[in-house]
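Participant: got a sequence here, can you model it:
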Amino acid sequence: MSTVAVIVVTWNSASVLPGFLAALPDGMAGLDWRLVVADNDSADDTVEVLRTLAPDATVVQTGRNAGYAAGINAALRAAGDFGAALVCNPDIRMRQGCAKRLVDSLGDGVGIAVPLLYEDGHDTPHYSLRRESSVLRALGEAVIGNRRAGRFPRLSELVTDPAVYRRPTRADWATGALMALSGECLTACGPWDESFFLYSEETEYCLRARDLGYATQLDPTAEAVHLGGDSQVSPRLWTLLTLNRVRLYRRRHGPLATAAFRAAVLLRETSRAVLGRPASRAAAAALSRPGALRTTPGA
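Facilitator: Next comes the predicted model:
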């Protein structure tokens, strides 16, 4: 059996690491695995927690807050030989056998496998599957909201059909809190794009993999709890997410389509700001600035 590299990027993660590490043996049951952590210059006790609770882990100290994609790349370089990689946030809690089910899903055109994700304290899975961005989908989300628009594939990125989450389902991309990637897919796609400091890096990677023939697929028998969630995203992070979403669209489309997409996203954030959402107010203000997309947000 080939080794699975468990890739984790940390930044001030001392409070969530003990729970992640405690769940790891059950989550990785049935696999030969090694833990590789890239720490992005944490100011708390993250590295000390790792050395105490996971003394066999390989810890790469990047020396700076390099961003999520850069951390993944640093950990992958230090991982040695492996047949598959499991990229996961430190606030993930895998349930029994989760990783093996994901790894077993790889192959036959599947390069990336994702589990059912549950928010902490919730019994129904999080809507984690997504469709590729389009102007029409951005408009649909702006006009009727992404939850309602999600019932119509042409009108939303968000996949909300409950039946989809009860069977193996391929999607354009998925939430990146926990992903298994085949070694073949990683070799074909190359490094993660470090120009996305945080957010959209998993979107870009899934779309790049899809373009090269490696699909992203949900395995509903693999389950994990994700302590993070949209409800906990600050105005600064929501702004970063929104800007990177438009930056990625611009990379894959022409200037006219990008202008239309940006306007649709701005409409959505403005409408949510009017309803009193501070994060959307910040995102709308940032999107309105002419030079917002010329910088690298978060760097």
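
Participant: next, count neighbours for Tyr205.
Facilitator: For Tyr205, the tally of surrounding residues (other Cβ atoms under 10 Å) stands at 29. The way it works is simple: take the backbone N, C-alpha and C, and place the C-beta from them, glycine included.

Participant: what's in contact with the helix or strand hosting it?
Facilitator: Here Tyr205, judged by DSSP states H and E, is contained in helix 201-211. Helix 201-211 is contacted from outside by 67-69, 72, 111-112, 130, 132, 172-176, 179, 185, 188-189, 192-193, 196, 215-216, 245, 248, 251-252, using Cβ atoms under 8 Å, 6 or more residues apart in numbering.

Participant: check stretch 282-296 too.
Facilitator: Under Cβ under 8 Å, 6+ apart, the answer for stretch 282-296 is 195, 197, 235-236, 238-239, 241-243, 246-247, 250, 262, 265-266, 269-270, 273.

Participant: quick check on those residues: which are buried?
Facilitator: Among those, those buried by neighbour count (16 or more other Cβ atoms under 10 Å) are 195, 197, 235, 238-239, 241-243, 246-247, 250, 262, 265-266, 269-270, 273.

Participant: next secondary structure after the helix holding Tyr205?
Facilitator: strand 215-226.

Participant: can you list the buried residues in that following strand?
Facilitator: For strand 215-226, a neighbour-count test (16+ other Cβ under 10 Å) marks 215-219, 222-226 as buried.

Participant: what angle sits between the helix or strand just after it and helix 201-211?
Facilitator: The first helix or strand that comes after strand 215-226 along the chain, using DSSP H and E, is helix 235-252. Orientation check (axes from the mean of the first three to the mean of the last three Cα atoms, to 10 degrees): helix 235-252 against helix 201-211 gives 20 degrees.

Participant: what about helix 235-252, average pLDDT?
Facilitator: Helix 235-252 carries an average pLDDT of 94.

Participant: and that helix, what does it pack onto?
Facilitator: If you count contacts as 3 or more Cβ pairs under 8 Å, 6 or more residues apart in numbering; DSSP states H and E, helix 235-252 packs onto helix 201-211, helix 255-274, helix 278-288.

Participant: return the residues in contact with the residue lying closest to Ser13 once chain neighbours are set aside.
Facilitator: Excluding its sequence neighbours, the residue lying closest to Ser13 (Cβ to Cβ, 6 or more residues apart in numbering) is Pro90, at 4.4 Å. Contact analysis of Pro90 by Cβ under 8 Å, 6+ apart lists 8-10, 13, 16-17, 20.

Participant: among the residues you listed, which ones are in helices?
Facilitator: Among these, the ones falling in helices (DSSP state H) are 17, 20.

Participant: of the contacts of Pro90, grab the buried ones for PyMOL.
Facilitator: A single PyMOL command suffices to select whichever of the contacts of Pro90 are buried according to 16+ other Cβ under 10 Å:
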select buried, resi 8+9+10+13+16+17+20
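
Participant: how about the contacts of Pro90 in CSV, adding pLDDT and distance to Thr46?
Facilitator: As requested, the contacts of Pro90 are exported to CSV (pLDDT from 0 to 100; distance: Cβ to Cβ, whole Å):
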residue, pLDDT, distance to Thr46
Val8, 99, 10
Val9, 98, 11
Thr10, 97, 5
Ser13, 96, 5
Val16, 97, 9
Leu17, 98, 7
Phe20, 98, 11
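
Participant: confirm that Val114 sits in a strand.
Facilitator: Yes. Assessed with DSSP: H, G, I helix; E, B strand; the rest coil, Val114 lies in a strand.

Participant: which residues pair with it across the strands?
Facilitator: Beta-bridge partners for Val114, by DSSP bridges, are Leu218.

Participant: right, and it touches Pro125 too?
Facilitator: No. Counting by Cβ atoms under 8 Å, Val114 does not reach Pro125; the two are 11.2 Å apart.
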